[in-house]
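In: with the sequence up front, the predicted model follows.
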Amino acid sequence: FFRFYPLSVPFVRHIPFPFLHHYTHNITRRSPQITHTFSLLRSLTAKYNSTHIMVATLLTLETTHGTIRLRLLPTSAPQTVAHIINLVQSKTYNGTSFYRSDFALQFGLHGSSTKHNPYSDLTINETGGLSSANRNLVSNMRGTVAVAHFDVPDNGNSELFINLTDNPHLDTVYGGYCVFARVEGAESFDVVDRVADVVKRAGKVDIHSARMSE
């Protein structure tokens with residue numbers, strides 16, 4: 001859903017398309033086989049260029065206590081991931097904060113008087129509980145990231161939380177809380193734990209920026 005793999009010609013991604021088009025313009029008239037080959041290369045390169053924006057699955061949060069990297073899970077929750085990417089690219093989380101720390105570390109627009117969500121609520125909760133047919137369902141265990149929401153039928157929007165402990169009951173209560181990402185790497189886990197401790201003592205930790213990358 002969010003990745004494109006140039007399978008048979010991985011080198012194509014390194015060829016600038018305008019150069020390829022100019023280079024092949026003169027030589028392809030001499031051989032039908034060469035024409036066909038370079039036509040294929042051009043189409044694959046154009047396809048890669050048009051879908052390159054969709055490969056970004058790493059969400060980076062820059063906080064006052066370090067950097068947290070979250071790996072998105074488009075296979076498990078494609079619609080939720082697309083929604084979160086839209087929020088991040090709209091700079092929704094820039095200037096917000098982590099404000100809750102108990103069994104989870106929560107952040108979003110809660111309590112903000114200056115930030116407003118540009119998108120409507122999610123129309124689907126992709127968790128589906130234990131009866132879900134989604135075999136890629138990820139449970140709410142330590143280090144996973146899920147969408148917070150009110151009671152059913154609310155599906156959530158911009159409020160997110162990082163599980164600080166294993167919370168498998170969150171897979172089913174109130175319709176389930178959809179996991180869409182995981183904390184990426186030991187360094188990010190260290191920052192998460194440090195931020196959680198500060199929030200418990202001081203009430204909040206600021207998020208300077210949120211951005212997507214590959």
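Out: All right, it came through fine.
In: in the helix or strand that contains Val195, what counts as buried?
Out: Following DSSP states H and E, the helix or strand that holds Val195 is helix 186-202. Going by neighbour count (16 or more other C-beta atoms under 10 Å), the buried part of helix 186-202 is Ser188, Phe189, Val191, Val192, Val195, Ala196, Val198, Val199. Placement of C-beta: from N, CA and C, glycine included.
In: and for stretch 159-168?
Out: Going by 16+ other C-beta under 10 Å, stretch 159-168 has these buried residues: Glu159, Leu160, Phe161, Ile162, Asn163, Leu164, Asn167.
In: could you dump these into JSON lines with distance to Phe180, pLDDT and secondary structure added?
Out: Shown next, in JSON lines, are these (distance: C-beta to C-beta, whole Å; pLDDT from 0 to 100; DSSP: H, G, I helix; E, B strand; the rest coil):
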{"residue": "Glu159", "distance to Phe180": "13", "pLDDT": "94", "secondary structure": "coil"}
{"residue": "Leu160", "distance to Phe180": "8", "pLDDT": "97", "secondary structure": "strand"}
{"residue": "Phe161", "distance to Phe180": "11", "pLDDT": "98", "secondary structure": "strand"}
{"residue": "Ile162", "distance to Phe180": "11", "pLDDT": "98", "secondary structure": "strand"}
{"residue": "Asn163", "distance to Phe180": "12", "pLDDT": "98", "secondary structure": "strand"}
{"residue": "Leu164", "distance to Phe180": "17", "pLDDT": "98", "secondary structure": "coil"}
{"residue": "Asn167", "distance to Phe180": "15", "pLDDT": "97", "secondary structure": "coil"}
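In: tell me which residues are up against the helix or strand just after the helix holding Val195.
Out: As assigned by DSSP H and E, the chain's next helix or strand after helix 186-202 is strand 205-213. For strand 205-213, contacts defined as C-beta atoms under 8 Å, 6 or more residues apart in numbering pick out 56-65, 85, 88-89, 91-98, 107, 195, 198-199.
In: which of those count as buried?
Out: Of the contacts of strand 205-213, these count as buried by 16+ other C-beta under 10 Å: 56-57, 59-61, 63, 65, 85, 88, 92-93, 96-98, 107, 195, 198-199.
In: what about those, which are in strands?
Out: The strands, defined by DSSP state E, take in Leu59, Thr60, Leu61, Thr63, Ser97, Phe98, Phe107 from the buried ones among the contacts of strand 205-213.
In: JSON lines for the residues you listed, including distance to Leu122?
Out: Formatted as JSON lines, these follow (distance: C-beta to C-beta, whole Å):
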{"residue": "Leu59", "distance to Leu122": "17"}
{"residue": "Thr60", "distance to Leu122": "22"}
{"residue": "Leu61", "distance to Leu122": "20"}
{"residue": "Thr63", "distance to Leu122": "25"}
{"residue": "Ser97", "distance to Leu122": "22"}
{"residue": "Phe98", "distance to Leu122": "21"}
{"residue": "Phe107", "distance to Leu122": "17"}
